[in-house]
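Participant: With the input below, show me the fold.
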Amino acid sequence: MTAERRLLALGAVLVLAAVLYLAWNLRAPYGYILSLRAQRLAALMMVGAASGAATMVFQTLVRNRLLTPGIVGFDALFIFLQTLLVLLLGGVGFALLPPGGLFLLEAICLMAAALALFGWLLRKGAEDLIRLVLTGVVLGVLLRGLSGFGQRLLDPSEYAVLQQVSIASFGNVDSGALAISAVALMLALAAAMAMAPALDVAAFGRSSARSLGLAYDRTVLGGLAVVSALVAVSTALVGPVIFLGLLAASLAHATIPSWRHALRIPAGAMLGAVILVLGQFVFERVLALQSALSVVIEFAGGLVFLALVLQRRAQ
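Facilitator: Purely as a prediction, here's the structure:
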């Protein structure tokens with residue numbers, strides 16, 4: 001089967017998963033239940049697509065299939081922002097914040113921090129990508145430490161509020177935030193697809209890409225801006241899911257053995273959406289469990305990461 005047909009098959013699987021999620025055990029009142037399910041389905045598909053596509057682009061830029069955008073510290077920054085808001089406003093004040101305004105604040109902060117980090121670290125050129133990754137790891141540790149210190153200052157009720165919003169959840173997604181996310185994610189995904197030919201060349205590395213006439217530094221900065229937008233919006237919408245992108249990207253590499261990013265980026269996006277939709281369907285509809293799906297995703301992604309590390313060491 002060709003890569004194009006495999007991509008079409010992935011699209012069919014995603015459509016089937018969406019129909020199953022919407023129609024399984026549907027009861028009256030149909031309109032109300034369908035509207036709730038459709039809103040949650042939209043959140044699942046957007047976050048999955050954003051995580052998968054962002055990881056595919058990021059791995060090409062850093063030329064390493066073990067890394068994800070989460071390595072730069074998006075999750076740590078998100079939790080730090082939540083902790084800071086609860087400290088400043090208290091648990092009641094934080095709960096009274098309008099969901100749409102809170103989403104915009106978090107998305108803007110995450111996006112601005114990522115662009116500032118990328119612009120500062122890569123001011124000498126895209127050859128500083130390794131320094132970018134290492135700095136992201138250090139900043140992530142620093143922010144987690146500051147968040148832990150702030151959490152020790154909270155009383156039990158405020159800490160409970162913080163814990164509830166720090167774990168990725170698809171249950172209570174604001175419709176206004178969902179609409180803004182949809183527009184932002186569509187624009188970011190369109191930009192990623194427009195960059196696909198340049199990413200094909202960038203995958204050869206800096207020296208080879210420049211010898212082929214590619215403006216490598218500009219491509220890297222543009223790609224990182226797209227990754228920042230995808231991860232910032234999806235994280236602000238539901239919370240951090242660090243290993244989802246790694247899981248989707250690993251499956252995409254195995255499913256679509258092609259070097260063309262015009263196929264790899266949609267494959268990663270669709271697989272990320274399929275993982276979340278089918279996972280939530282099994283949890284919510286089949287097993288009737290109330291546990292957070294993100295916990296299972298992180299566990300499975302961690303296993304995939306260990307498998308990739310061991311596979312690389314064995315080579």
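Participant: In terms of helices and strands, where is Gly100?
Facilitator: helix 99-121 (DSSP states H and E).
Participant: Which residues belonging to that helix are considered buried?
Facilitator: 102-103, 106-107, 109-111, 113-115, 117-118, 121 (16 or more other CB atoms under 10 Å). Glycine gets a C-beta too; all of them are placed from N, C-alpha and C.
Participant: And the furthest pair within those residues?
Facilitator: Leu102 and Leu121 (28.5 Å; CB to CB).
Participant: ok, which stretches of the chain are helices?
Facilitator: Counting by DSSP state H, the chain has helices at residues 3-23, 30-62, 74-95, 99-121, 129-152, 156-166, 175-194, 196-202, 206-211, 216-238, 244-255, 261-281, 293-314.
Participant: Include distance to Leu287 when you put those into CSV, please.
Facilitator: Output for the helices of the chain, formatted as CSV (distance: least, CB to CB, whole Å):
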stretch, distance to Leu287
helix 3-23, 14
helix 30-62, 16
helix 74-95, 26
helix 99-121, 28
helix 129-152, 31
helix 156-166, 22
helix 175-194, 26
helix 196-202, 38
helix 206-211, 47
helix 216-238, 21
helix 244-255, 20
helix 261-281, 10
helix 293-314, 11
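Participant: Now those helices in TSV, please, with extra columns for mean pLDDT.
Facilitator: Below are those laid out as TSV (pLDDT from 0 to 100):
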stretch	mean pLDDT
helix 3-23	89
helix 30-62	88
helix 74-95	82
helix 99-121	77
helix 129-152	81
helix 156-166	80
helix 175-194	89
helix 196-202	91
helix 206-211	85
helix 216-238	85
helix 244-255	87
helix 261-281	91
helix 293-314	69
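Participant: quick one: Arg264 from Leu246, how far?
Facilitator: The spacing between Arg264 and Leu246, counted by CB to CB, to the nearest Å, is 14 Å.
Participant: Settle it for me: which of those two has more neighbours?
Facilitator: Neighbours per residue (other CB atoms under 10 Å) separate Arg264 from Leu246, with Arg264 holding more: 29 against 26.
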